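S.K.: I would like the atomic coordinates for the input below:
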Amino acid sequence: LKVCGQEEAMERVFFVSAREVLTIRSKSVNGGTPPGAAPNIGSPSAGGYPLAEGWQARLMEFSTFEKVFEKILSDSATRTKFASHAEQGKELAGHFRQLMESTYEAALEEKDAAIRYRRLSQTRLEELRAKLQKASTAIDDLISKSLLDVEGQVANA
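M.R.: Take a look at the predicted model:
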């Protein structure tokens with residue numbers, strides 16, 4: 001099937017006896033003594049099968065098999081079921097990133113335009129203040145000159 005390499009396949013080979021595990025677990029569930037605690041395990045029992053020598057090692061092997069099998073199934077389900085969701089999430093994040101970048105660039109352009117407009121406005125304001133100061137000075141000079149002319153005419157009259 002070429003779904004895994006030789007080394008990984010060797011890690012997935014188990015010698016298990018499902019019948020023995022079923023017998024042990026049913027004894028444990030049905031009020032019997034827990035596995036490994038009864039001295040009569042390994043001999044024929046009333047409701048089960050006789051357990052061959054080395055059953056404890058096979059029980060451990062079966063337990064390891066269950067854990068590995070559960071992990072493989074979980075990983076496979078995650079890859080198949082959630083792969084499309086993860087891909088959609090990546091696409092959505094990419095879309096939002098693009099949207100945020102364009103918004104950021106537009107904000108920078110508006111900020112630059114506002115800074116340029118402010119500088120132009122400040123320059124125009126300084127020019128107007130200078131003109132106002134010149135006009136104020138000219139009016140003050142004109143008032144002073146008119147006052148002197150009026151004083152001179154009154155003194156001559």
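
S.K.: measure the residue minimising distance to the centre of the chain to residue 99 for me?
M.R.: The structure's the chain has its C-alpha centroid closest to residue 93; by C-alpha atoms, centre = their mean the separation is 9.0 Å. Remark: distance between residue 93 and residue 99 (C-beta to C-beta, to the nearest Å) = 11 Å. Backbone N, C-alpha and C define where each C-beta goes, glycine included.

S.K.: try residue 77
M.R.: 33 Å.

S.K.: residue 125 too?
M.R.: Counting by C-beta to C-beta - residue 125 and residue 99 are separated by 38 Å.

S.K.: and the helix or strand where residue 24 lies, what does it pack onto?
M.R.: In this assignment (DSSP states H and E), residue 24 forms part of helix 18-29. Here helix 18-29 touches helix 55-156, going by 3 or more C-beta pairs under 8 Å, 6 or more residues apart in numbering; DSSP states H and E.

S.K.: pull out the buried positions in whichever strand or helix holds residue 8.
M.R.: Residue 8 is located in helix 6-11, with elements delineated by DSSP H and E. When neighbours are counted by 16 or more other C-beta atoms under 10 Å, no buried residue of helix 6-11 is found.

S.K.: which residues touch it?
M.R.: Helix 6-11 is contacted by residues residue 68 when judged by C-beta atoms under 8 Å, 6 or more residues apart in numbering.

S.K.: now that helix: mean pLDDT?
M.R.: Averaging pLDDT along helix 6-11 gives 74.

S.K.: same deal with stretch 147-157?
M.R.: Per-residue scores along stretch 147-157 average to 89.

S.K.: CA atoms of that stretch as CSV?
M.R.: Taking Å, rounded to 0.1, in the frame of the first residue of the first chain, the C-alpha atoms of stretch 147-157 are listed here in CSV:
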residue,chain,number,x,y,z
LEU,A,147,-2.4,112.5,12.6
LEU,A,148,0.7,114.6,12.0
ASP,A,149,-1.0,116.2,8.9
VAL,A,150,-4.1,117.0,10.9
GLU,A,151,-2.1,118.4,13.8
GLY,A,152,-0.1,120.5,11.3
GLN,A,153,-3.3,121.9,9.7
VAL,A,154,-4.8,122.7,13.2
ALA,A,155,-1.6,124.4,14.2
ASN,A,156,-1.5,126.5,11.0
ALA,A,157,-5.1,127.4,11.3
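
S.K.: got the contact list for it?
M.R.: Taking C-beta under 8 Å, 6+ apart as the rule, stretch 147-157 contacts no other residue.
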